[in-house]
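Enquirer: Fold the following.
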Amino acid sequence: MSWKWEYAFGAEEAARTAPAHFLVEVERRADELVRVAEAVHVHGRAHAGAGPKGGDIIVPGGMFTYQVVVRSERVYGVQITYLGF
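Expert: Now for the predicted structure:
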């Protein structure tokens, strides 16, 4: 398995209605998070202990909340919020 990101919970539904330019920024930042997680957790599937804390990322037009699940080698976008700014 290799590191990937995906929408989780209601974020997938919210992504269907968000503007394309906003989603491009969300996806670009999610790709960056995947690269960082892969570099920090080289042996993700063998990880023992607590996982890292998720967080919020501000992007042009809004923000998104993410969670890293090391043993699954996934970065989940759990919420996206388009504010239109």
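
Enquirer: which residues in this structure form helices?
Expert: Remark: helices assigned in the chain by DSSP state H are 11-17, 20-40.

Enquirer: Which among these is found nearest to Gly49?
Expert: Proximity of the helices of the chain to Gly49 was assessed by C-beta to C-beta; the nearest stretch is helix 20-40, lying at 13.4 Å. In short, each C-beta sits where N, CA and C put it, glycine included.

Enquirer: Find the nearest non-adjacent residue to Gly84, please.
Expert: Gly61 (6.4 Å; C-beta to C-beta, 6 or more residues apart in numbering).

Enquirer: Counting neighbours, what do you get for that neighbour?
Expert: Residues near Gly61, counting by other C-beta atoms under 10 Å, number 19.

Enquirer: Please report how far the residue nearest to Val59 when sequence neighbours are not counted lies from Ser2.
Expert: The shortest distance from Val59 to any non-neighbouring residue, by C-beta to C-beta, 6+ apart, is to Glu25 (4.0 Å). In this structure, Glu25 and Ser2 are 23 Å apart, going by C-beta to C-beta, to the nearest Å.

Enquirer: Sweet, I'm off.
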